[in-house]
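A structural model of the following input is requested.
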Amino acid sequence: MQVVSISSLKGGVGKTSVTTGLASAALAAGIPTLVVDLDPHADASTALGVSPDDQLDIGRMLRSPRRAHLADNVVPSGWVEHARINGSGNGRTNGRAQSGTAPSVLDVAVGSAYTGIYDRPDLGRRDLRRLSAVLAGATNYELVLVDCPPSLNGLTRMAWSASDKVTLVAEPGLFSVAGTERTMRAIQLFRQEFAPKLSPAGIVANRVRSGSAEHTFRLSEMESMFGELLLSPHIPEQANWQQIQGAAHSIHHWPGDSAKNAAGLFDTLLQNLLHPNGVAPAGTVRNRSQR
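Model (predicted):
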């Protein structure tokens, strides 16, 4: 099982959109996946179409992590039913053909504002292990995606403590690139002090506008700064993304060529993200050039 945190220092760069896009690709590939919605805004839970009953949300599971039974409190994404109706979601996992009768698995540890009580900069080591304790019960998944809040406070650091890899999301803009550079340095410091096995999985350039000279310049800058850590493909700006998320559909089950093309990009991105030799294991950050 791989645990991957999806992080960004700057809000509004489409971090949750990347999380749900990767979840959609995992569902289409038949990879049993859990999404942990650690952002107090709980946008990922909304986009994934969850309908919880009396299950505990992730904030309340974190409150008593050793007594919380993850398997009893996760909620199936509404996308699973869409996949069943569309006859998809049982593809191939890491090159292994799955049985046509195997059920698709995309579960959600539902987010809530309650998690905000842990989003402080002064969490101690014991608190940083809370999510790790919850995920100790995650035995039925090959992939866990953790949607982090857009900060470097307690919840993000808690997610990093529980993760094998961190994926950063950035727009090709000045402030977002600068924030990504700071986050990379924060990961390096965090590894040294708390999580020596943690590694950056790479950086996703999101909401890229092909006709923008500024985006072209910043992408070149990101390639110079981050090298192989800049993942491919880049994700273009999707005009109907808000509509797709508002309808609680996966990108793979939305009609139209635009959604089909975006789904293909997320398929490739997921493969590159999970490939063990896809990026340099630790990575280095070079000084950001000045325009």
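
hey, let's count contacts and neighbours off CA atoms from now on
Fine.

Could you export stretch 112-122 as CSV, CA atoms only?
Taking Å, rounded to 0.1, in the frame of the first residue of the first chain, the C-alpha atoms of stretch 112-122 are listed here in CSV:
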residue,chain,number,x,y,z
SER,A,112,-15.2,17.9,8.3
ALA,A,113,-14.5,21.2,9.9
TYR,A,114,-13.7,19.2,13.1
THR,A,115,-10.2,18.4,11.7
GLY,A,116,-9.4,22.1,12.1
ILE,A,117,-8.6,21.6,15.8
TYR,A,118,-5.4,19.9,14.7
ASP,A,119,-4.4,22.4,12.1
ARG,A,120,-2.0,24.2,14.5
PRO,A,121,1.8,24.8,14.0
ASP,A,122,2.7,23.4,17.4
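
Touching that stretch from outside, list them.
Applying Cα atoms under 8 Å, 6 or more residues apart in numbering, the contact partners of stretch 112-122 are 38-42, 57-60, 62, 152-156.

now stretch 265-279
21-22, 25-26, 201-202, 228-229, 231-235.

Out of the residues you listed, which sit inside helices?
Of the positions in these, G21, L22, A25, A26 sit in helices, assigned by DSSP state H.

isn't the first one right up against H253?
Read it as G21. No: counting by Cα atoms under 8 Å, G21 does not reach H253; the two are 11.4 Å apart.

Show the backbone phi and psi for G256.
phi 110, psi 150 (degrees, to the nearest 10).

ok, it to V80 distance?
20 Å (Cα to Cα, to the nearest Å).

And those two? Which one has more around it.
V80 (24 against 8; other Cα atoms under 10 Å).

which secondary structure element contains that one?
helix 79-86 (DSSP states H and E).

can you check V36 too?
Judged by DSSP H and E, V36 forms part of strand 33-37.
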